[in-house]
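Chemist: Dropping the sequence and predicted coords here.
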Amino acid sequence: MLGLLRRQREGKRTRTTGPASVPAPPHAGLLSCRVLDPVGDPLPAADLRVTDPAGRKVVSGESDPYGMFVVAVPPGDYRVAVESEGLTPFRGEIHVTEGAVAQLGDLVMLPAQLPQLPPPGDWEVDPAHTTIGFTARHIGMARVRGRFNGYRGALRIGRRMEDSQLHIVIDSASIDTNIKMRDDHLRSADFLDVERFPTLEFFSERFVHRAGNRWAVTGVLTLHGVSRTVTLDVDYLGIGTGLEGELRAACRATTELHREDFTLNWQHMLARGIAVVGSSIRIELDIQIVAAS
């Protein structure tokens, strides 16, 4: 770690002329670095962002297949941020001189400390701190945003997080897009048909750790009387303590649904002159859980 910090400090002071193959444009300088993974191998596709001292973005991009990042910028002071999934972000500052290369040198990205997982046991979704929302296209143009206001959920966390189970039940009639006429139509037999199918349900017993704070939760979603396999892309945010001292855990999750998969036929609706929301719907969940009482 000390060696990394020393290299980074030395990199801030380094000024060399640009290589012949990468000439600096007139009245500009070059900023360069090489991003390495924790074992010292080049790290491609790391996200880099260069901002001015006021925090305004100047340029952003990714490291190349060899971990290199070289960019021309006007002379001046800059802040550089480097991020990659599962690794501790780098933050640094550098001064760029006209006609020269300002080098940050080798940036070794260290493993990120993962947030503590909630302890095994039974947990409940807290409706007061949970949102189940969606975004869809209206006849391919404007976005329609909405949410479901009625739901309940339970999570049983196993000794290994991978052995956990999740069950969420949503009141389909609680759909809310802030326009009553549209909401009534979405509750009708043309869409959710809430008289026949009063709930949407999601059940999962497959939790897969992807990288860093990211998990995949795969289960069966039953909507409009049809069951399909759906995977939630989950960003785990960690655990904390509520106002009354209770232990909480939080995450964000997203997935995309296609209405035709649940027998909501888009072409049939177009033929009848119905065009309320598009065929692709993005689901967005902000969830907090508390220990079951």
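Modeler: Arrived safely, thanks for sending.
Chemist: In its sheet, which strands sit next to the helix or strand hosting V169, and in what direction?
Modeler: Element membership of V169 [criterion: DSSP states H and E] is strand 165-171. Strand 165-171 pairs in its sheet with strand 151-157 (antiparallel), strand 199-211 (antiparallel), by DSSP bridges.
Chemist: how far is the first one from where the chain is centred?
Modeler: The gap between where strand 151-157 is centred and where its chain is centred comes out at 22 Å by Cα atoms, centre = their mean, to the nearest Å.
Chemist: Quick check: buried residues in it?
Modeler: For strand 151-157, a neighbour-count test (16 or more other Cβ atoms under 10 Å) marks Y151, G153, L155, I157 as buried. The C-beta positions use only the backbone N, C-alpha and C, and glycine is treated the same way.
Chemist: Would you check which pair of those lies furthest apart?
Modeler: Greatest spacing in the buried residues of strand 151-157, by Cβ to Cβ: Y151 and I157 (19.4 Å).
Chemist: what does stretch 172-181 contact?
Modeler: Stretch 172-181 is contacted by residues 144-151, 183, 186-187, 192, 194, 197-200 when judged by Cβ atoms under 8 Å, 6 or more residues apart in numbering.
Chemist: Next: stretch 250-258.
Modeler: Outside stretch 250-258, the residues within contact range by Cβ under 8 Å, 6+ apart are 129, 215, 217, 221, 223, 230-240, 279-289.
Chemist: Kindly recompute the last result at 7 Å.
Modeler: Residues from elsewhere that reach stretch 250-258 (Cβ atoms under 7 Å, 6 or more residues apart in numbering): 230-238, 279-288.
Chemist: Just the buried residues of the residues you listed.
Modeler: Buried, going by 16+ other Cβ under 10 Å: V230, T231, L232, V234, Y236, S279, I281, I283, L285, I287, Q288, out of the contacts of stretch 250-258.
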